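[1] next one to model:
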Amino acid sequence: MTLQIHNTFNAISIGDITQSEFANILKSYKNAQKVVITDENTHELSWPYILTSFEELNTAEVIVLPSGEENKDIEICEQVWDTLLDYDIQRSDLIINLGGGVITDLGGFIASVYKRGIRFINIPTSLLAMVDASVGGKTGVNFRGFKNQLGVFALPQAVFCDPIFLKTLPENEVLSGKAEILKHGLIASAPLWKEMLKFKENLPDKQLLHKAILIKSDIVEQDFNEKNERKKLNFGHTIGHALESHLLNKDNPTTHGECVAWGMLVESYLSVKHNHLSESEFEMVKDLISSWYAPLPISKDDFPVLLQLMKQDKKNKGDLINFTLLKEIGNAEINKELKEDEIEKGLQYIFG
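    Okay, the predicted model is just below:
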């Protein structure tokens, strides 16, 4: 049995993909071309299961991209667009993004721009992509070393989250995805946070996935274009994206979720100093994140670069840097603007 989330902006199935509506959707494209965009890892570990489970994909074209965040750029997009033209793909055809957050972000952007928009489906294969990247209609690529500077809001026709793919993940990728589940609890659900405090299993089941995805889906339903409420989902990301970009530029790539986890810790400290988060709740966040996630190779010398990267955040206005901060666990507040020296004190406390 699959669990379903359906609202204005999301059609998400959680559970066994072979028992989902995916086969019926493929049959509806019987006379259309189908293109699968995937990466080297997913092509090896996940594509054979999909191919043998759905005979409708026997004639699909498969585009295999190099793995890694460093390949989420406009040059890769251009190569794929060239290939789509070579295959004579039309607006009536279908793109299927099979992979983690890089593939769902990249593939969604490719589909949404090609011929002004071709329909696409996301099949996320990482925990991070299931609970975050593939849900909510954000697509994008990195540009000139900055995270997600190019992109559009574009909705997949459907998202299929099958926990079977999580069994292929290395431990660091599982931890990366868990960071986003922690974030969903911190910003919107104290019960989910408490559940994660007690969570001893390596992989979440479909019920836990459903809880985490539903939080994001509900927030997106309220504010698809990120004018207000959806900004809560950026908790941990203002600093987390800066950490991720900086470490990637230093040839020390670190998973998105690990960077977001440490970003959440800094921003939790800032929440104590500049919002209403209690010291005791901060200590709970600190204890969990420092026990789950290895320290990042960040020192005081990195702070000026990190602050410069934060200035590129899309939510900023003027010289102040915009944050989502916690009022309490399960309750976040948006548009908290801080000065550089205030942010540096947070970096110093966590990384100094």
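[2] quick one: the residue sitting nearest the centre point of the chain from D223, how far?
    Nearest residue to the geometric centre of the chain (Cα atoms, centre = their mean): A133, 2.9 Å. Using Cβ to Cβ, to the nearest Å, A133 is found at 18 Å from D223. Bear in mind the C-beta positions are built from the backbone N, C-alpha and C, glycine included.
[3] and if you look at D341?
    31 Å.
[4] who has more neighbours, the two?
    D223 (15 against 8; other Cβ atoms under 10 Å).
[5] that one: what's it in contact with?
    Going by Cβ atoms under 8 Å, 6 or more residues apart in numbering, D223 touches 229-231.
[6] quick one: it from G136, how far?
    D223 sits 10 Å away from G136, going by Cβ to Cβ.
[7] quick one: common contacting residues for those two?
    Here D223 and G136 share the contacting residues R230, scored by Cβ under 8 Å, 6+ apart.
[8] partners of the helix or strand encompassing I12 in the sheet?
    I12 belongs to strand 11-14 when assigned by DSSP states H and E. If you go by DSSP bridges, strand 11-14 pairs up with strand 3-6 (antiparallel), strand 158-161 (parallel).
[9] could you list the buried residues of that strand?
    11-14 (16 or more other Cβ atoms under 10 Å).
[10] and for E281, the neighbour number?
    If you count neighbours by other Cβ under 10 Å, E281 ends up with 21.
[11] grab the nearest non-local neighbour of it.
    Among residues not flanking E281 along the chain, I329 sits closest, at 5.1 Å (Cβ to Cβ, 6 or more residues apart in numbering).
[12] hmm, F282 and that neighbour touching each other?
    No. Between I329 and F282 there is no contact under Cβ atoms under 8 Å: 9.5 Å.
[13] who's more crowded, these two?
    When I329 and F282 are compared for neighbours, I329 comes out ahead with 22 against 19, by other Cβ under 10 Å.
[14] mind checking pLDDT for the more buried one?
    I329 carries a pLDDT value of 98.
[15] circling back to that earlier point, with pLDDT added, can I get the buried residues of strand 11-14 in JSON lines?
    Shown next, in JSON lines, are the buried residues of strand 11-14 (pLDDT from 0 to 100):
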{"residue": "A11", "pLDDT": "94"}
{"residue": "I12", "pLDDT": "96"}
{"residue": "S13", "pLDDT": "97"}
{"residue": "I14", "pLDDT": "97"}
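[16] looking at those, which is nearest N142?
    Within these, proximity to N142 (Cβ to Cβ) peaks at I12, which comes in at 25.5 Å.
[17] so what's that closest one up against?
    Contacts of I12 by Cβ under 8 Å, 6+ apart are 4-6, 135, 158-161, 213, 217.
[18] redo that, cut-off 10 Å
    Residues near I12 by Cβ atoms under 10 Å, 6 or more residues apart in numbering: 2-6, 122, 124, 130, 134-136, 156, 158-161, 209-210, 213-214, 216-217.
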